[in-house]
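**Student:** Need a 3D model of the following:
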Amino acid sequence: MDPAEEPQSPSSLRKPPRRWLIAGGTVLAALVVLLVLFDWNWLKGPVQRIVKAQTGRDFVIAGDLDVDLGRITRVRGERVSFGNAAWSAHPTMAAADLAEMEIEVWPLIFKRQARLPRIRLVAPDLRLEHGPKGVGNWVFGDQSGGNPIQYGALWVERGRLRYANAPRKTDIDIKLDSISAKDATGSPPIELEGSGHWTGSAFSLSGRAASPLELRNTGKPFSIDLKATAGRTHAHARGALVDPFRLRDFDLRLALSGQNLDDLYPLIGVATPPTPPYRFDGRLSRDGDTWHYDGFKGMVGDSDLGGSAAVTVGRERPLLVANLVSRRLDFDDLAGFVGAPPQAGGRETTNAELKAEALALAADSRLLPDTPYNLTKLRSMDADVRLKAHRIDAPSLPLDDMDAHLKLEAGLLRLVPLNFGVAGGDVRSTIRMDAREKNIRTQARISARGLDLAKLFPDAKLTQDAVGRIGGEVDISGNGNSIAAMLGSADGDIALGMGRGQISNLLLELAGIDIAEALKFLITKDRKVPIRCAFGDFTVADGIMQSRALAFDTQDTIIVGSGKISLKQETLDLELRPRPKDRSILALRSPLVIGGTFKDPSFRPDFKRLGLRGALALALGSIAPPAALLATLELGPGKDSDCGGKYAK
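**Tutor:** Predicted coordinates:
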């Protein structure tokens, strides 16, 4: 046998060839050298390319990249930036002086699940904005597939968050910092403060919120406790949001206050008439396209107001549905509904703007409000609002309570009904305002029943003991964009009347200018005189009320009248002719004239006729004194009026 072919011994088989040892040693040495000399910056290029492939955005690590390997690997990048959407004018969406994150290796290898227990950002700058089609720049890459990244804690130092929505004239710049220790478990909340504009109004924000990591976690509530100011409107929201970017679901307590509810229109699109300062606090929630503000309580001016309100969006026009209750309503707080400011004197609650309007209105010679309604607002939303006031404070008006139901659809406003308790009776009305054309077409039907005569004039001593019930009907229509214009063009009918009752005889004798009787009651004691009936019937044409019948009939005196009232010029021109039914000397049989304006009315005798009778008395007195008394002797030619009408009952 050839010695070369002899089998090797077992010991020789166990020894690796020398060349293997040399190769293995070389590889090991190379690995050692590689580990010693390896620069993680060599991987910046591949990492940047991978991120861009996954997101479609540029990712740049301008500083050093460092990695500490281990079961939990720590990755640290300096001067990192992430690109913005292609449509944005700003190339960078996010940047940070330092971004440090921890990655759990085994779940990433075996489960393909990315878990980041901790993230630390130094001087991060995040820009969120809406694009031309309303899509946010935070929407990128594949939003549906793969396992979502699981986040742990986020620590932010000297952060900055900017939000912009150009179509809504909104831009906000916020500074934020984490507010717990760096080694705290979980993701700490942040403290923030910022300013900018919200729908064009100056805006500021401060408070606390959950970690920004929760913004991407649409299934977990995002806690907030924030105070914001937009123009003259202040809000304090505390509670939790779900999917904050979409504001899909949330449950918050919201305190809202401001100088004028009208300021809400440019902010949230809810149109209201001008009001004095207000404050509310209630529960804010959302159900699909409907925002609910439930169980709120507060004040508007000097009136308490509470109830619930809901605004539904996502339709042609937003819809406001509200059920409101006031236990004590200061009536002038509703002045904005008719284009007038609330009162500004004494302890009245108002704001500088409305106070100036009230002073201007007080100096104006006209009484009816001429501020035009805002047609854009009337057409911008729909509404179904119910308001009940259990008690009304109106010192100059005998109002008891109110029940109003307002419906607004596509510029057509209806009050069905608008009812008041007045002087122990009722005033029931329906109002229709059609603002779909350039001039509002208004129709008003008003019915008054059972108004107590004494309560109608509570401050007049001569009517405090009066007995009687007043009723009436108003059916008018007019064109115009203000209350003054509507009434100044009105057509229709107005009628008022009273059935049987009692009134001060002194008042009647003064109305008849019966000097003798008036002095007698002033010196001794007044007595009550039964009223048979009283009525006034007017036709209305182009803002002019023309009397058809006007009478006040008692057992002692009948007063008949005629004339007109101009709703357009706000002037009075009525003549009342008292006709005493008894005989009395010193009765000056002269008509009374009601004149002047709505704001400054006058009630006077016809002095020209009195002057003629005085001259006649002097002339007769030069002949025989007894004959001079004949000129002032009222023989009582008055007849009973026809009280068979509907107001006589």
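**Student:** Let's check: the centremost residue of the protein is which one?
**Tutor:** For the chain, the residue sitting closest to the mean C-alpha position, by Cα atoms, centre = their mean, is residue 261 at 3.9 Å.
**Student:** OK, contacts around it?
**Tutor:** Counting by Cβ atoms under 8 Å, 6 or more residues apart in numbering, residue 261 touches 272, 273, 274, 275, 278, 300. Any C-beta I mention is one placed from the backbone N, CA and C, and that applies to glycine too.
**Student:** do residue 545 as well
**Tutor:** Per Cβ under 8 Å, 6+ apart, neighbours of residue 545: 494, 538, 539, 564, 565, 566, 567.
**Student:** and it, what pLDDT?
**Tutor:** What the model reports as pLDDT for residue 545 is 95.
**Student:** gap between it and residue 598?
**Tutor:** 12 Å (Cβ to Cβ, to the nearest Å).
**Student:** what do you get for residue 68?
**Tutor:** Separation of residue 68 from residue 598 (Cβ to Cβ): 87 Å.
**Student:** All the helices of this structure, residue numbers only.
**Tutor:** Per DSSP state H, the chain carries helices over the ranges 10-14, 18-37, 44-55, 105-110, 264-268, 352-363, 375-380, 453-456, 483-488, 505-511, 515-523, 607-621, 625-628.
**Student:** Would you mind checking which of these scores lowest on average pLDDT?
**Tutor:** Ranked by mean pLDDT, these end with helix 625-628 in last place, scoring a mean of 36.
**Student:** just to revisit the earlier point, of the contacts of residue 545, just the buried ones, PyMOL syntax please.
**Tutor:** Here is the PyMOL selection string for the buried members of the contacts of residue 545, based on 16 or more other Cβ atoms under 10 Å:
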select buried, resi 494+538+565+566+567
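**Student:** and of the contacts of residue 545, the nearest to residue 484?
**Tutor:** Ranked by distance to residue 484 (Cβ to Cβ), these are led by residue 567 at 8.5 Å.
**Student:** my read: residue 259 touches residue 351, true?
**Tutor:** Yes. Contact status for residue 259 versus residue 351: in contact at 4.3 Å, counting by Cβ atoms under 8 Å.
**Student:** what sits in contact with each of the two?
**Tutor:** Between them, residue 259 and residue 351 share these contacting residues under Cβ under 8 Å, 6+ apart: residue 277.
**Student:** Over to residue 270: give its phi and psi.
**Tutor:** Residue 270 adopts backbone torsions of phi -100, psi 120, taken as degrees, to the nearest 10.
**Student:** which one is residue 152 nearest to, not counting chain neighbours?
**Tutor:** Take residue 152 and drop its neighbours on the chain: the residue closest to it by Cβ to Cβ, 6 or more residues apart in numbering is residue 117, 3.9 Å away.
**Student:** hang on, the earlier thing: now compare the contacts of residue 261 and name the two farthest from each other.
**Tutor:** 273 and 278 (12.2 Å).
**Student:** neighbour-wise, which of these two wins?
**Tutor:** Legend: neighbour count by other Cβ atoms under 10 Å for residue 273 and residue 278, higher for residue 278 (23 against 17).
**Student:** more neighbours, residue 68 and residue 598?
**Tutor:** Between residue 68 and residue 598, residue 598 has the larger neighbour count (other Cβ under 10 Å), namely 16 against 11.
**Student:** Hmm, residue 367 and that one touching each other?
**Tutor:** Yes. At 4.2 Å, residue 598 counts as touching residue 367 under the criterion of Cβ under 8 Å.
**Student:** residues shared between the contacts of these two?
**Tutor:** Shared contacts of residue 598 and residue 367 (Cβ under 8 Å, 6+ apart): residue 570.
**Student:** Alright, calling it a day.
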